[in-house]
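Undergrad: I'd like to go over a predicted model; first the sequence, then the structure.
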Amino acid sequence: MLSEDQLHDLNQPLLAEHHLQFNYLADLLARRGQDAHSLILQLVEFQVAIPSWALGTGGTRFGRFPAGGEPRSLEEKINDVGLLNQLNGSSNSISLHIPWDIPQDIAGLQQLLASQGLSIDSMNSNTFQDQQDQAHTYKFGSLSATDRAVREQAIQHNIDCIRHGQPLGAKVHTVWLADGSNFPGQSHLRRAYLRTQESLAAIYEALPSDWTMLIEYKPYEPNFYSMVIPDWGTSYTLCQSLGRQAQVLVDLGHHLPNTNIEQLVGRLRQLGRLGGFHFNGSGYGDDDLTTGSAKPFQLFLIFNELVDANQDASLAAASVAYMIDASHNTKDPLEDLLQSVDNILGAYAKALLVDRAALAEAQDANDTVRAEEILRDAFLTDVRPLVAEAYRQAGGALHPVRAYRAAHIRQQLVAQRGKFSLSTGL
Ligand code: RM4
Ligand code: MN
Ligand code: MN
């Protein structure tokens, strides 16, 4: 953990320049009728959960290059998220994947979470890998399997995830289903859907009344001919059949190239079924790169839809769970997460700047150029001083990545945990 004094000292050399930039931006925004301080409050409030499996280096199927000092236990993973949250004040919860993170010492974990000001975001089930002591294989699917015993095992695993999360205060269960088929004819497509629906209904039945069940979709991988839940439409129909506590989860990397993600986000929000996000960057598919690294404009457009919907009085308020779902091979995973959160907050801040009244006017008048210019004005505003000020007001570092490096955090983690410690995950 970093001390308050350390954070203060890390910020000190950056303060003069920060004030200069912040005051300039605040004045500029004031001229446009926007109040920097109320924007900052919204940024401080915005929290992005960190998945336990992003704290170690993720590999590709070709190789893995560990960073050193990776967390070896759930406790160490929580400590890493605590560190991130100290640096940016924007990551106050952690998502767990079962069985990678089966909680053992419940009282100890509760205490650790409380001492770090963290909570558990979501429980995530894993029926895409076989575990050693498992009776039945998921080679041919889990919730959609033709064999009832396999389905029952997968249902039970999901229920166990919920049970593991309850004493830790989790309120969300996320299902990502790897089920599908690799060859035409291998699986009866409609029946696979129906079996999945039935299995999900059994899990939903066990869901506590104050929990949400998030259903993720993905068009390909690990199955390449068909995935049982390939798209948001399928996920949406499953949620509809389950009940109000079931919601669609949008993982930015789970779309085919060129999908208009912001549009489907808007649709789901309008339909009252947008339950959560897995943020990551993607060039081709499930690449799990740093959020907003290659397509910052797309990330901005997604936030633009979210902010627009939130300000639309005709839509019911939605509680959307925001999480990063990334897995890095080349970067220090903690630096990557700090960058992702930074890009997410930047996109959100820019979306808050959009002049919505002027945009609506331009849209109604079919003034294409004016409408696009309004979005560009917001997108091209350098909001970094706003985000930095939000970090500072939350007690964090003006520049989290720089502070992380200046405090030699990775070196300390390597010294504590060793050069070859490996975190669970992909
Ligand atoms: C999947 C999906 C899930 C995540 C696993 C590890 O591609 O994104 O959300 O739990 O990876
Ligand atoms: Mn995901
Ligand atoms: Mn994924």
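TA: The structure has been received and is ready for your questions. Ligands and ions are numbered 1, 2, ... in the order given.

Undergrad: residue 205: how many residues sit nearby?
TA: Neighbour count for residue 205, taken as other Cβ atoms under 10 Å: 11. Yep, even glycine has a C-beta here, placed from its N, CA and C like the rest.

Undergrad: mind starting the numbering at 453 from now?
TA: From this message on, residue numbering opens at 453, which makes the last subject residue 657.

Undergrad: kindly provide the distance from it to residue 617.
TA: Distance of residue 657 to residue 617, given as Cβ to Cβ, to the nearest Å: 16 Å.

Undergrad: how close does the residue sitting furthest away from the middle of the chain get to residue 823?
TA: Computed with Cα atoms, centre = their mean, the residue of the chain farthest from its C-alpha average is residue 817, at 36.7 Å. Separation of residue 817 from residue 823 (Cβ to Cβ): 9 Å.

Undergrad: and for residue 715?
TA: Counting by Cβ to Cβ, the gap from residue 715 to residue 823 is 15 Å.

Undergrad: more crowded one of the two?
TA: Shown here are residue 715 and residue 823; by other Cβ under 10 Å, residue 823 has more neighbours (18 against 12).

Undergrad: for the residue lying closest to the more buried one once chain neighbours are set aside, which three-state class applies?
TA: Nearest non-adjacent residue to residue 823, counting by Cβ to Cβ, 6 or more residues apart in numbering: residue 814, 4.0 Å away. Following DSSP: H, G, I helix; E, B strand; the rest coil, residue 814 is assigned to helix.

Undergrad: contact partners for residue 814?
TA: Neighbour list for residue 814: 822, 823, 826 [criterion: Cβ atoms under 8 Å, 6 or more residues apart in numbering].

Undergrad: give me the number of residues near the first one?
TA: Here the neighbour count serves as a burial measure; for residue 822 (other Cβ under 10 Å) it reads 14.

Undergrad: name the helix or strand for it, please.
TA: Using DSSP states H and E, residue 822 maps to helix 820-831.

Undergrad: just checking, what packs against the next helix or strand along the chain from that helix?
TA: Where DSSP H and E defines the elements, the next helix or strand beyond helix 820-831 is helix 836-845. Applying 3 or more Cβ pairs under 8 Å, 6 or more residues apart in numbering; DSSP states H and E, one finds that helix 836-845 contacts helix 467-483, helix 488-497, helix 785-805.

Undergrad: which strands and helices sit next to the helix or strand that helix 836-845 is followed by?
TA: Sequence order places helix 852-858 as the next helix or strand after helix 836-845, per DSSP H and E. The contact analysis (3+ Cβ pairs under 8 Å, 6+ apart) places helix 852-858 against helix 456-463, helix 526-540, helix 785-805.

Undergrad: can we see that at 6 Å?
TA: helix 526-540, helix 785-805 (3 or more Cβ pairs under 6 Å, 6 or more residues apart in numbering; DSSP states H and E).

Undergrad: chain center to it, what's the gap?
TA: 22 Å (Cα atoms, centre = their mean, to the nearest Å).

Undergrad: ditto for stretch 706-714
TA: Distance of stretch 706-714 from the chain centroid (Cα atoms, centre = their mean) equals 17 Å.

Undergrad: what sits up against it?
TA: When contacts are defined by Cβ atoms under 6 Å, 6 or more residues apart in numbering, stretch 706-714 is touched by residues 670, 671, 753, 754, 757.

Undergrad: who wins for most neighbours among these?
TA: Counting neighbours by other Cβ under 10 Å, residue 754 leads the contacts of stretch 706-714 with 26 neighbours.

Undergrad: that residue and residue 716 touch, don't they?
TA: No - between residue 754 and residue 716 there is no contact under Cβ atoms under 6 Å: 9.7 Å.

Undergrad: could you measure from residue 462 over to residue 865?
TA: Counting by Cβ to Cβ, the gap from residue 462 to residue 865 is 17 Å.

Undergrad: wait, I meant residue 714
TA: Computed as Cβ to Cβ, the residue 714 to residue 865 distance reads 37 Å.

Undergrad: which one's more surrounded, those two?
TA: Each of residue 714 and residue 865 has its neighbours counted (other Cβ under 10 Å); residue 865 has more, 22 against 18.

Undergrad: so is the more buried one in a helix, a strand, or just coil?
TA: At residue 865 the chain is in helix, as set by three-state DSSP.

Undergrad: contacting residues for it?
TA: Contact analysis of residue 865 by Cβ under 6 Å, 6+ apart lists residue 521.

Undergrad: switch the cut-off to 8 Å
TA: Neighbours of residue 865 in contact, by Cβ under 8 Å, 6+ apart: 520, 521, 522, 532.

Undergrad: before we move on, what about residue 798?
TA: Going by Cβ under 8 Å, 6+ apart, residue 798 touches 744, 748, 835, 836, 839.

Undergrad: how does it look with 7 Å?
TA: Residue 798 sits next to 835, 836, 839 when contact means Cβ atoms under 7 Å, 6 or more residues apart in numbering.

Undergrad: and which of the residues you listed is nearest residue 740?
TA: The closest of the contacts of residue 798 to residue 740 turns out to be residue 839 (Cβ to Cβ; 22.9 Å).

Undergrad: contact partners for the residue of the chain found nearest ligand 1?
TA: Proximity of the chain to ligand 1 (Cβ to the nearest ligand atom) peaks at residue 628, 3.8 Å away. Residues in contact with residue 628 (Cβ under 7 Å, 6+ apart) are residue 668.

Undergrad: now the contacts of residue 814 as TSV including pLDDT?
TA: Formatted as TSV, the contacts of residue 814 follow (pLDDT from 0 to 100):
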residue	pLDDT
822	98
823	98
826	98
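
Undergrad: middle-most residue in the protein, spatially?
TA: residue 775 (1.9 Å).

Undergrad: ligand 1 contacts on the stretch 653-802 of the chain?
TA: With Cβ under 6 Å from any ligand atom as the criterion, the stretch 653-802 of the chain comes near ligand 1 at residues 668, 703, 730, 738, 777.
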